[in-house]
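*Asks:* sequence first, then the predicted structure:
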Amino acid sequence: MSRIAVIGGGAAGMMAAISAARSGKKVILFEKNEKLGKKLFITGKGRCNLANAADTEDHFAAVVSNPKFLYSSFYTFTNWQIIDFFEELGVKTKTERGGRVFPASDHSSDVIRALDREMRRLGVKIRLETEVKELMTEKIEEEKRAVGVRLRSGEIVNADAVIVATGGLSYPSTGSTGDGYRFARDCGHHVTELSPALVPMEVKEWYARELMGLSLRNIKIRVTDGKKKLYEEFGEMLFTHYGVTGPVILSASSIAGRYLKEKPLTLHIDLKPALDEEQLDKRVLREFEANHNRQFKNAVDSLFPAKLRPVMIELSGIPEEKKVHDITKEERMAFVKLIKDFRMTLTGLRGYNEAIITRGGVSVREIDPGTMESKLIKSLYFVGEVVDLDAVTGGYNLEISWSTGYLAGISAPGDFNDG
């Protein structure tokens with residue numbers, strides 16, 4: 001029986017351990033934290049958006065970096081198989097808006113417990129609070145191979161294959177400190193440029209702080225670079241003291257981050273996407289007619305949340321004391337355009353401590369997409385966030401971890417060195 005060493009007890013690592021063990025291999029998993037799944041525990045605000053119920057083919061459009069690389073992974077272990085896998089482990093699931101799949105209990109701990117339970121059932125040896133210092137490689141029959149790991153304690157553990165599932169740099173408090181990138185570089189791999197992804201963004205305007213804490217639902221955002229549209233999505237967002245966050249903003253950040261290093265971008269917010277300009281003008285006109293003799297500042301109560309109202313009044317350019325019956329058609333139409341295109345200037349991304357994932361990683365050009373094995377070092381595999389793969393929100397990033405981990409686990413060899 002061959003021995004597989006898995007480095008990392010997160011989503012990708014636990015899945016790799018399970019699929020390898022189910023394939024009849026002896027597995028040892030190293031996790032430097034005191035418990036498994038520390039980052040998994042906080043995903044989806046603690047609810048764990050573990051998959052997406054959209055058609056498998058549609059998932060590639062949600063992947064931002066290197067979607068074609070994932071064909072083997074996504075079709076070897078599809079989103080439907082992922083859902084069935086957890087159901088079989090006793091994790092009942094439910095599907096919410098946008099196809100997002102969660103545990104029915106809304107507790108990420110149920111997902112972690114199920115994975116832990118399955119690993120122990122399969123005889124996976126789990127070594128917590130055990131940090132891997134470096135990968136061990138040897139040249140065997142003219143090929144360089146991974147043959148084990150050296151622990152921080154100095155102990156050497158031999159293995160027939162090593163699966164690196166150490167995560168990225170996001171949420172470093174959970175143990176994601178970039179160890180896998182160091183392992184990869186030490187083995188001669190190229191690591192692409194790293195940056196926070198699925199992360200809140202900072203804005204320039206004064207009114208961001210005024211709107212802090214305000215959540216907007218059923219809005220549509222668009223991000224432009226002054227010439228072309230870079231991203232567009234319908235959903236929910238939140239204002240903070242530094243800028244903006246929320247589902248649509250986090251997804252937009254994965255695209256916007258590539259451009260923000262060079263120049264600021266414009267965030268366009270359509271506050272009433274269900275209405276076109278003509279329909280919205282009729283709605284505003286009805287409000288004005290109902291408040292014919294009132295001041296402008298008292299005539300728009302029903303159009304906006306209370307916190308947004310004074311900002312929109314100021315940005316409209318219409319004096320707040322002006323009587324509604326004195327507002328010109330030109331002023332009203334400009335107000336309508338403001339509602340349909342409320343703008344903010346995006347100036348940068350927040351840091352890794354607020355990012356859900358890391359963009360960049362071990363170059364996919366140096367990994368076999370059919371197995372997740374390194375093209376440079378035989379029997380060495382890279383899976384999950386450590387690879388240059390990332391997607392928008394909606395369960396897709398966890399699917400990348402589940403699918404690549406599963407593929408590596410079933411592909412890891414056992415042709416020499418009986419561990």
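*Replies:* Yep, it's here.

*Asks:* show me where the stretch 51-200 of the chain has its strands.
*Replies:* Secondary structure of the stretch 51-200 of the chain (DSSP state E, counting those that start in this stretch): strands at 51-52, 63-65, 93-95, 100-103, 125-127, 132-140, 143-151, 156-158, 161-164, 195-197.

*Asks:* who does the third one pair up with?
*Replies:* The strands beside strand 93-95 in its sheet (DSSP bridges) come out as strand 100-103 (antiparallel).

*Asks:* got the strands of the stretch 51-200 of the chain as a markdown table, with mean pLDDT, distance to residue 210 and mean neighbour count columns?
*Replies:* No exception for glycine: its C-beta is placed from N, CA and C like everyone else's. Below are the strands of the stretch 51-200 of the chain laid out as a markdown table (pLDDT from 0 to 100; distance: least, Cβ to Cβ, whole Å; neighbours: other Cβ atoms under 10 Å):
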| stretch | mean pLDDT | distance to residue 210 | mean neighbour count |
| --- | --- | --- | --- |
| strand 51-52 | 98 | 35 | 26 |
| strand 63-65 | 95 | 32 | 21 |
| strand 93-95 | 98 | 37 | 15 |
| strand 100-103 | 98 | 31 | 22 |
| strand 125-127 | 98 | 50 | 16 |
| strand 132-140 | 94 | 48 | 16 |
| strand 143-151 | 94 | 52 | 20 |
| strand 156-158 | 97 | 56 | 15 |
| strand 161-164 | 98 | 46 | 32 |
| strand 195-197 | 94 | 26 | 24 |
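
*Asks:* quick one: which of these is nearest residue 276?
*Replies:* Closest to residue 276 of the strands of the stretch 51-200 of the chain is strand 100-103 (Cβ to Cβ; 28.8 Å).

*Asks:* may I have that closest one as PDB, with CA atoms only?
*Replies:* Once non-C-alpha atoms are left out, strand 100-103 reads as follows in PDB (Å, rounded to 0.1, in the frame of the first residue of the first chain):
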ATOM      1  CA  ARG A 100     -25.700  28.800  -3.700                       C
ATOM      2  CA  VAL A 101     -25.700  25.500  -1.800                       C
ATOM      3  CA  PHE A 102     -25.300  25.500   2.000                       C
ATOM      4  CA  PRO A 103     -25.700  23.000   4.700                       C
END
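
*Asks:* which residues touch it?
*Replies:* For strand 100-103, contacts defined as Cβ atoms under 8 Å, 6 or more residues apart in numbering pick out 44, 47-53, 79, 83, 86, 91-96, 110-111, 394-395.

*Asks:* how does this protein divide into domains?
*Replies:* 3-195+359-411, 200-350 (automatic domain parsing).

*Asks:* residues in contact with the worst-scoring helix or strand of the chain on mean pLDDT?
*Replies:* One helix or strand of the chain scores below all others by mean pLDDT, DSSP states H and E: helix 207-210, with a mean of 91. Where contact means Cβ under 8 Å, 6+ apart, the residues beyond helix 207-210 that reach it are 239-244, 307, 310-311, 314-315, 344.

*Asks:* please work out which of the domains of the chain is packed deepest.
*Replies:* Stretch with highest mean neighbour count among these: domain 3-195+359-411 (a mean of 20; mean count of other Cβ atoms under 10 Å).

*Asks:* isn't residue 66 right up against residue 404?
*Replies:* No - assessed by Cβ atoms under 8 Å, residue 66 is found out of contact with residue 404, at 11.5 Å.

*Asks:* so what sits against both of those two?
*Replies:* What both residue 66 and residue 404 touch, as defined by Cβ under 8 Å, 6+ apart, is the set residue 389.

*Asks:* for stretch 3-13, measure first residue to last.
*Replies:* 15 Å (Cα to Cα, to the nearest Å).

*Asks:* average pLDDT for it?
*Replies:* Stretch 3-13 shows a mean pLDDT of 97 in the predicted model.

*Asks:* in the stretch 151-300 of the chain, mark out all the helices, start to finish.
*Replies:* When assigned using DSSP state H, counting those that start in this stretch, the helices of the stretch 151-300 of the chain occupy the ranges 179-186, 207-210, 247-260, 277-290.
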